[in-house]
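**Student:** task: produce atomic coordinates for the following.
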Amino acid sequence: MNRSLGQRSANEYFRAVSVALAVLSTVVAAAVMGTTAHVFNVYRMQHEKNPWWLPYIPGALNSSGTKVLIGTGAAVVFLNLIFVVASLAPKINIAARSTLHATLAAAVALISAMLAAAAVAYVVMLNKRLDHQETLETWTCRFQTDVAGPNLPNLSNTYSNREFDRLCKESRFGFGAMVAVLCFQTFFLLSAVGQWVTRWSEPTRRTKESDSFSI
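**Tutor:** Model (predicted):
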């Protein structure tokens, strides 16, 4: 009986850890989405008229890495919210059904981890490319300390690089936070596997206990 109680507590522990990691991933992924969306929005609003965004050199700046981080952050938030709501909502309460809860946890964690890993690898690849095409991160970080000109102290941000320092930090935060999301989702997946192991080992152990009592 003590073993059975221990088995149930282990399964409940893995369920609680899974929900906690999903919530944490949702918060961090939302931060990724927010910061990188701000970077892209500034670029979108200024790149046609601000000379610091090289409007006269088509294709000089690559914004696809920033877009991927935004999209991946949104996807991770969506998937993890589904899991959290399904786990905590009283009318759904899949936490009471161990197999279904473990299956949904594994699916959400695996898909989210794959998306985060792909996003991280893609951004690293873009930032390390040697074909002289800058990304929004590398460009803003390269010129974050430059000024628009000593004779133009009142130049509007629309025509200067005064926001580059902030945009550089936001871009780097977005990438680093996505790495954190990947770590959280990996631990989430391991927790889901733990749910599966404790769930399916319980009947086997009960059978062995029954046999020992019958003997």
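
**Student:** quick one: contacts for the residue lying closest to residue 99 once chain neighbours are set aside?
**Tutor:** In this structure, residue 99 finds its nearest non-sequential neighbour in residue 199, 6.0 Å apart by Cβ to Cβ, 6 or more residues apart in numbering. In short, each C-beta sits where N, CA and C put it, glycine included. By Cβ atoms under 8 Å, 6 or more residues apart in numbering, residue 199 lies in contact with 11, 98-99, 102.

**Student:** pLDDT (mean, whole number) over the longest helix along the chain?
**Tutor:** The helix spanning the most residues in the chain, taking DSSP state H as the definition, is helix 164-214. Within the predicted structure, the mean pLDDT of helix 164-214 is 80.

**Student:** how close does residue 16 get to residue 80?
**Tutor:** Separation of residue 16 from residue 80 (Cβ to Cβ, to the nearest Å): 15 Å.

**Student:** neighbour count winner among those two?
**Tutor:** In this comparison of residue 16 against residue 80, neighbours counted by other Cβ atoms under 10 Å, the higher total goes to residue 80 at 28 against 13.

**Student:** please identify the helix or strand for that one.
**Tutor:** Here residue 80, judged by DSSP states H and E, is contained in helix 64-88.

**Student:** for that helix, buried residues please.
**Tutor:** Counting neighbours by 16 or more other Cβ atoms under 10 Å, one finds that the buried residues in helix 64-88 are 65-66, 68-70, 72-73, 75-77, 79-81, 83-84, 86-87.

**Student:** please apply the same query to stretch 17-30.
**Tutor:** By neighbour count, and taking 16+ other Cβ under 10 Å as the criterion, the buried residues in stretch 17-30 are 17-19, 21-26, 28-30.

**Student:** what does that stretch rub up against?
**Tutor:** In this structure, residues lying in contact with stretch 17-30 by Cβ under 8 Å, 6+ apart are 72-74, 76-77, 80-81, 83-84, 87-88, 95, 101, 105, 108-109, 112, 177-178, 180-181, 184-185, 187-188, 191-192, 194-195.

**Student:** let's see it at 7 Å
**Tutor:** Under the contact criterion Cβ atoms under 7 Å, 6 or more residues apart in numbering, stretch 17-30 has outside partners 73, 76-77, 80-81, 83-84, 87, 105, 112, 177, 180-181, 184-185, 187-188, 191-192, 195.

**Student:** between helix 64-88 and the lowest-mean-pLDDT helix or strand in the chain, find me the angle.
**Tutor:** The element with the least model confidence among the helices and strands of the chain, by mean pLDDT, DSSP states H and E, is helix 164-214, at a mean of 80. What separates the directions of helix 164-214 and helix 64-88 is an angle of 40 degrees, with axes from the mean of the first three to the mean of the last three Cα atoms, to 10 degrees.

**Student:** how far away from the center of its chain is helix 164-214?
**Tutor:** The offset between the C-alpha centroid of helix 164-214 and the centroid of the whole chain comes to 14 Å, using Cα atoms, centre = their mean, to the nearest Å.
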